[in-house]
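*Asks:* pasted the sequence and its predicted model underneath.
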Amino acid sequence: MGVTTRYFRLTSEGRSLWTRRESLRLPLDYRRILGLVDFSGYSQVIHSYLAQYPDLVVEEWLTEFEALRLIEAIAVPEQSLYEIAKKTEPPPIEPEDFEKFEPEVSFADISLTRLGVYIAFDRIRHRTPTQKSPGETTALVVEDDSDQLALAVLRLTSAGYPVRTADGVQSLFRSLQGGIPDAIFLDIGLPDGDGFEVLSTLRRHPSNTHLPIIMLTAKTAREDISKGLLLGADGYITKPYGANTLDYVLRHILKQEIPVSQPPNAGVVRSQSLVRRDANSL
């Protein structure tokens, strides 16, 4: 049995409004909140899928909807990843939110000189910068190909990051039971599951909603990139990648600055504009 956590559910009034959303032409904020509560009422999950907004704004929406008696807060046991993985329905994505990802993918192509690196800028915009050094920042690499796994581990450890590994979905879930890492690099084609479904499962668990997750894959199609970003990936890296790509993207997503006094292989100070300024270093 998991711990008790904050959870919302639709009231009868909210359910009635949500089922009639198309005929009523509900405003966007109504569709976002009611849809996410219907999808997964965990407050952390709602905040994660609305990460483009400050936490205070999302809390104001939830408070407003409670006052309108459209949603209500209840205490429920936290589900395990294994239980959540049994649910396969996708998260609700409103058309207005879906449309923003195409320009995001196109912009990444230009700003990173088609290097196959894509960043979910909206997801990390309001993230608090990490105070950890690379040596205190553990990355978990989920990859079943032994050569690709060895390469990723080499790239990250050379930059000073401790690394844990998993060769599949079940191995990943077991690893997370032993402790949450600071970031995950997640392959899509795994022997015992699909990386996109794994990403969706992780984002529905309260403990992993804001965990930095970077897709690391050979899938380069625009629809795959958009799907990863829509499901809550913070970054998307396509194979093959450069010598400094993994730690570069990780530092950017964590908003992690590295003192220039550290050894050369630990990198240099990165500002918030590092994606545009330093793309050629990848």
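*Replies:* Received, thanks.

*Asks:* CA only for contacts and neighbour counts going forward, please
*Replies:* OK.

*Asks:* contacting residues around the closest residue to Arg204 other than its chain neighbours?
*Replies:* In space, and not counting its chain neighbours, Arg204 is closest to Val45: 5.8 Å by C-alpha to C-alpha, 6 or more residues apart in numbering. Neighbour list for Val45: 203-206, 209 [criterion: C-alpha atoms under 8 Å, 6 or more residues apart in numbering].

*Asks:* let me know the closest of these to Thr130.
*Replies:* Distance to Thr130 across the contacts of Val45 (C-alpha to C-alpha) is lowest for Thr209, with 16.3 Å.

*Asks:* give me the neighbour count for that closest one.
*Replies:* Other residues lying near Thr209 total 24 when counted by other C-alpha atoms under 10 Å.

*Asks:* isn't it right next to Leu199, touching?
*Replies:* No. Using C-alpha atoms under 8 Å, Thr209 is not in contact with Leu199, being 9.9 Å away.

*Asks:* what residues of stretch 150-165 count as buried?
*Replies:* Within stretch 150-165, the residues that count as buried by 16 or more other C-alpha atoms under 10 Å are 152-153, 155-163, 165.

*Asks:* wait, I meant stretch 193-211
*Replies:* Buried, per 16+ other C-alpha under 10 Å, within stretch 193-211: 195-206, 208-211.

*Asks:* hmm, which two among these are most spread apart?
*Replies:* Gly195 and Pro206 (18.7 Å).

*Asks:* quick check: nearest residue in space to Leu34, chain neighbours excluded?
*Replies:* Distances taken as C-alpha to C-alpha, 6+ apart place Trp18 nearest to Leu34, at 6.4 Å, with adjacent residues excluded.

*Asks:* am I right that that neighbour falls within a helix?
*Replies:* Yes. The assignment for Trp18 by DSSP: H, G, I helix; E, B strand; the rest coil puts it in a helix.

*Asks:* what is the burial count for the closest residue to Thr128 other than its chain neighbours?
*Replies:* Nearest non-adjacent residue to Thr128, counting by C-alpha to C-alpha, 6+ apart: Lys255, 7.7 Å away. Counted with other C-alpha under 10 Å, residues neighbouring Lys255 total 20.

*Asks:* for Lys255, give me the pLDDT.
*Replies:* The confidence metric pLDDT takes the value 93 at Lys255.

*Asks:* and it, how close does it get to Val58?
*Replies:* Counting by C-alpha to C-alpha, to the nearest Å, the separation of Lys255 from Val58 is 22 Å.

*Asks:* okay, how far is it across stretch 226-246, tip to tip?
*Replies:* Distance between the two ends of stretch 226-246: 20 Å, counting by C-alpha to C-alpha.

*Asks:* what does stretch 232-249 give?
*Replies:* Stretch 232-249 end-to-end distance (C-alpha to C-alpha) = 16 Å.

*Asks:* just stretch 181-196 next, same as before
*Replies:* Stretch 181-196 has an end-to-end distance of 19 Å (C-alpha to C-alpha).

*Asks:* how about the contacts made by Val163?
*Replies:* Contacts of Val163 by C-alpha under 8 Å, 6+ apart are 138-141, 153, 156-157.
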